[in-house]
Every structure is written in structure tokens, then in C-alpha cells.
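S.K.: Test case, fold it:
(2 chains)
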Amino acid sequence: MEFRGFVAVKDVTLSVNEGTIHALIGPNGAGKTTVFNLLTKFLTPTRGQIVFRGSDITGMRPAEVARLGLVRSFQISAVFPHLSVLDNVRVALQRPKGLATQFWLPFSSLSVLDERAMELIDAVNLSAYAHLTASELSYGRKRALEIATTLALDPAMLLLDEPMAGMGHEDIGRIADLIRRVAKNRTVLMVEHNLNVVADLCDRVTVLARGEILSDGSYATVSADPRVREAYMGTEHE
Amino acid sequence: MAVGTQYLAEQPRLRTTSFVLGGVALAALLAAPFFFYPIFLMSILCFALFACAFNLLIGYVGLLSFGHAAFFGGAAYFTAHAVKVWGWEPLSGILLGAAGAAGMGLIIGFLAIRRQGIYFAMITLALSQMFAFICLQAPFTHGEDGIQGVPRGHLLGIIDLNQPHAMYYLTLAIFLFGLFAIWRIVNSPFGNILKAIRENERRAISLGYRVDRYKLGAFVMSAALAGLAGGTKAIVFQFATLTDVQWQMSGEVILMTLLGGIGTMIGPIVGAGLVIALQNYLASSQFPVTVLIGIIFVICVLLFRRGIVGEILEFMKRKPKGTA
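M.R.: Residues are numbered from 1 along each chain as shown, chains lettered A, B, ... in the order given. The predicted structure is shown next:
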């Protein structure tokens, strides 16, 4: 990927195995979010190919990629701020349930989605807040809501952009549990700065620095790699 | 939890209040032609529906169209032509006008929808100006003269629309139908997705929504309803002229909606009523109408940015919190 001649991400051959939790880590500006934007087609790659479950998705548009089951979250929490928690989840359920284009039906027709929506809200421990407006939630709960809306699509693969960023200690534990639970029958690719979480949660780690892959393997392998230490610490002899 | 119960308790009270207010408004609308000049009332109803249709787009999708005159005035030409030249029954003529406006909305919307903000406004303005030019040149619109002397005819071949009260009640029925359609669209599964797109477009895309199609859908609906208003106006006034397709008309509908309150259900109606009433009552006075409307507009924008109805709603929302 090039931005006006500046190469942001180069020669990144990233393969994520189905059913694993895969972490993408690296110092700031390494190109982690760019990789996410490329995978979900919010950016178009200058060169290269993206394959998802055997089919080439390089030329697809973002909404189509989401329909295939490759669903992302954003670094800055992405909720619909003036909708209630329940409505946030219902918006995500409307399309898969075929209730998105009916302009002649009353709003109450959406109540058939309530049961599934409440299950999802319950799964992220937000039941008590279901009728609050999303903007009234704390930061951690907004992230939890975002995960609930993402799960509403029942995606085959989840891309989580820093799900723990800005969260308190207890929230981190809860979201980590949640990710572990939902990853049982899904593939997860996550960008994360909290290395404890990565060590605890992820099957495989890819380290990105200055737009290139530095190291790839289990957390133990990667953390022992001197090049990774250098990229993070700035010097090899620390 | 306390907030949750308060939220539930407030709903029925709000519902009763709106039912009572709606009933009073309906009674007033039914009785109005016995107290006011019917043509004046019908003019307000047509422009109010036009403003509501425009508000569907800016208030609930967040798109500022500067070309809505093309749908309003275009439909007036279609209806006038169908009724005068082809001898159609008036209601079918009006529906043809709305369908024609929807078709134009599909073309103009398709070309403009990928852009946002000022670019969207400029593309819609340019395309509607092209249409206004066609209306000036095409033979069937009769250039500067417009289509004059459109017969009102008989509704469904039965009711004589030359009777002012019959014409008024047809206009009122169309207006109420249009208003109900807008209310239904906004409060529907489709409307919920529109709201989500306006709130966070990127997130809506990442949930798999092809947002351009939803926006285009809303654009076509808005155009069709603007056309419904324009077609009705052609039957009421018995003519279709260039005034209704020109950019000044697009500006006027923006002004009405802003004055009344963007994104409120009745704001555009109040705005349209205010502007039309001022134009009407000041037409005979020495004072230039445009200057006065300009002054009112400036005062509105400076003092209550949410528009007249928007400010009242905001005030009512704040009040219960203060007393409870």
C-alpha cells in the first residue's frame, strides 16, 4: 500500500489459519491499522492479493466483504451514539434477518429481533443498560457493545482493532474472556498493544514494523526474537 | 435502572399528548376552509408537503439537496400536461406527476449520491438547472408562458373539483397521506438503517450495508413526495410555470425547513405556513416581502438554530428534568 509514494505496508504476507486467534502487534506507525483497512477494503491495495476462504476478495467493496463474513471493529469505538443499546444491536441484525429495506412496515416489526439482540447484549454483560443511549455508556461498555453488534452478524472472521485500548483492568479481563468464548468457532485477527493479553489469548503472533513483517510465530518465539526487542525497545542490549 | 423506568413511564404520557394535539390539528384543518381563503390554505398545504419531503432527505439522511425544485416543478408540468393535453382524470394526473418526479429522482440521485455535503448540493443544483433549461426550451412546457388553464375536472369522474371546498379536501387528503408516508418511512426498519447511516456511516458499511443504495432509496422517496406536492399544486392553481423549477424554489424550500426545524416532523409545515402567509399578506403592502423574510431568517438562525419547532421540542424535553 502506497500513500502518494510513501510505502505504508510492503511485502506483508500474512496468513491467518481458520479457527485461531491471531495477533498483529508492532510499534506505533508500523502499519497495523493499514493492514486492517486493506483486508476489509476500506483501502485499496496498490499491489498484491487478498484471499478469504479460497476466494479472491481483492477487488471487492467493503460492504460485500462484510457480507462474506469478514467483519471488523474500529480503533475508535464504533457505535451509533444516539441509538439505544438495543437498537445498536438490532441495526446489525436487520440485514441478515432481511428486515432492512421495508419502508412500509412499522418500527414495531423490529421486535422480532429483540430476543436474539438481548442474548447478544447479555453475552457482553450489558443487559442492565439495554435501553440507555449508546453515548451514555462508559468507554469499556461501548467497546463491549461494539463486539455485540459485530457478533450479531455471526461472522466467520472477526478483525478487532485494539479491543482493549483505553480499558480499565476489570474490563480487560471481561473482554478477554468474551473474545476467547466467541473465538471457539471463529477466526480472530486482532491488533493489540497489551502484550499480556496477547500472550494469554493468541495462538499466533505476527510482528509488524515499518510496514514489513519482522517476526511471526508463537508468542514465545516472537518475544525471544532480538529484532522484535530492538523494534520495541529501540536497542538490542536492553 | 432508575433511568430505565423513567424512560418507560414517559412514553404513554407523550403518546396521549401527541394524540390530543394531532386531533386538535386535524379538526382545525377540517374547519379551516370555512374561515380562510381556500386557495391560500391549499397553497400552504402543497408547500408544507414539499418542505416535509425535502426534510425527509436533510433531516433523516443528512443530505442537502439544492435541486428539489426540479421534482416539485417537474411534477407540476407532468400533471398539467397529462390533465390538459391527454385529458386525464386529476388524481391519476397527480400520481403521474409523482411517478415522473421519482424517475427524475432516480437519475439525479444516482449521479449525485456518491458525493457529500457541498459537492452533493452542487451536483443536484447543476442537474436541476439543466432540467429548468429543458423546461424553458421544450415545446410541451410552452417556455415562458408555462402550461396555463389546466382544467380541475372531476375527481374519479364524480366529484367536481371546481368547487373550492372539494378541491381543498382532496388537497388535505393528499397532504395527510404524504405526511403519513414520511412518518412511516422514518419509523420503519428502513428508517432505522437511515438513522444508523447518518450516525456512523463507516460502521454501517462494516456491518455490510450498501449505504449508497439506502441513500438513493430515500432520495427517490423524497423526490416522489415532492412531486406529489408539485402535481397537486398544478391542479389547485391550474397552471405549471418556470417559477416552480428554478433554483429560487429550491432555496425557498430550504428556508422553510430551516425556519420550522430540520429533522422534526411538523417543523417544515410551520416553516412553510409562515413563509407563505408572509408572502400572501405582505404582497399588497409597500414593504418588500423578500427583505422581511430575509430579516426573519437571520433572526431565526441567530436566536434559535434548531428552528421554531426544534426549539420548542428542546424546551419541552428540558422541562420535565427541571421539575422532577
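
S.K.: Spit out the contact partners of the residue nearest to the spatial centre of chain A.
M.R.: Nearest to the mean C-alpha position of chain A, counting by Cα atoms, centre = their mean, stands A:L160 at 1.5 Å. Counting by Cβ atoms under 8 Å, 6 or more residues apart in numbering or on different chains, A:L160 touches A:R72, A:S73, A:I147, A:I179, A:V188, A:L189, A:M190, A:V191, A:E192. Placement of C-beta: from N, CA and C, glycine included.

S.K.: Equivalent analysis for B:A226, please.
M.R.: Under the criterion of Cβ under 8 Å, 6+ apart, the contact partners of B:A226 comprise B:F50, B:A53, B:F54, B:H68, B:F71, B:F72, B:A75, B:A101.

S.K.: Kindly recompute the last result at 6 Å.
M.R.: Each residue near B:A226 by Cβ atoms under 6 Å, 6 or more residues apart in numbering or on different chains is listed here: B:F50, B:A53, B:H68, B:F71, B:F72.

S.K.: which of the contacts of A:L160 lies closest to B:V20?
M.R.: Top of the list for closeness to B:V20, among those and by Cβ to Cβ, is A:I147 at 43.5 Å.

S.K.: host element of the closest one?
M.R.: Element membership for A:I147 (DSSP states H and E) is helix A:139-152.

S.K.: From the contacts of A:L160, which land in helices?
M.R.: Using DSSP state H, A:I147, A:I179 are the members of these that sit in helices.

S.K.: Lowest-confidence entry in the contacts of A:L160?
M.R.: Ranked by pLDDT, these bottom out at A:S73, which scores 79.

S.K.: quick one, helices of chain A?
M.R.: Counting by DSSP H, chain A forms helices over residues A:32-39, A:62-68, A:85-94, A:114-123, A:139-152, A:169-182, A:195-201, A:219-224, A:226-233, given from the N-terminal end onward.

S.K.: other SSEs contacting the third one?
M.R.: Yep, that's helix A:85-94 we're talking about. Packed against helix A:85-94, as judged by 3 or more Cβ pairs under 6 Å, 6 or more residues apart in numbering or on different chains; DSSP states H and E, are the following elements: helix A:114-123, helix A:139-152.

S.K.: Dump the C-alpha coordinates for that helix into CSV.
M.R.: Extracted C-alpha coordinates of helix A:85-94, given in CSV (Å, rounded to 0.1, in the frame of the first residue of the first chain):
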residue,chain,number,x,y,z
VAL,A,85,-28.0,-0.2,23.1
LEU,A,86,-30.8,-2.4,21.9
ASP,A,87,-31.2,-0.5,18.7
ASN,A,88,-27.4,-0.7,18.0
VAL,A,89,-27.6,-4.4,18.0
ARG,A,90,-30.9,-4.5,16.1
VAL,A,91,-29.3,-2.5,13.3
ALA,A,92,-26.7,-5.2,12.9
LEU,A,93,-29.3,-7.9,12.9
GLN,A,94,-31.7,-6.3,10.5
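
S.K.: And for A:S218, nearest residue in space, chain neighbours not counted?
M.R.: In this structure, A:S218 finds its nearest non-sequential neighbour in A:R204, 6.4 Å apart by Cβ to Cβ, 6 or more residues apart in numbering or on different chains.

S.K.: Quickly list what the one you found is bridged to.
M.R.: Using DSSP bridges, the beta-bridge partners of A:R204 come out as A:H22.

S.K.: thinking again about what came up before, now, which of the contacts of B:A226 sits nearest chain A?
M.R.: When the contacts of B:A226 are compared for distance to chain A (Cβ to the nearest Cβ), B:A53 wins out at 14.0 Å.

S.K.: If you count neighbours, what's buried in the helix or strand that the closest one is a member of?
M.R.: Counting by DSSP H and E, the element that carries B:A53 is helix B:38-60. Residues of helix B:38-60 classed as buried by neighbour count (16 or more other Cβ atoms under 10 Å in any protein chain shown): B:38, B:41-60.

S.K.: hang on, the earlier thing: can you put the helices of chain A in JSON lines and add distance to B:I193?
M.R.: Shown next, in JSON lines, are the helices of chain A (distance: least, Cβ to Cβ, whole Å):
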{"stretch": "helix A:32-39", "distance to B:I193": "23"}
{"stretch": "helix A:62-68", "distance to B:I193": "12"}
{"stretch": "helix A:85-94", "distance to B:I193": "6"}
{"stretch": "helix A:114-123", "distance to B:I193": "15"}
{"stretch": "helix A:139-152", "distance to B:I193": "13"}
{"stretch": "helix A:169-182", "distance to B:I193": "25"}
{"stretch": "helix A:195-201", "distance to B:I193": "33"}
{"stretch": "helix A:219-224", "distance to B:I193": "41"}
{"stretch": "helix A:226-233", "distance to B:I193": "43"}
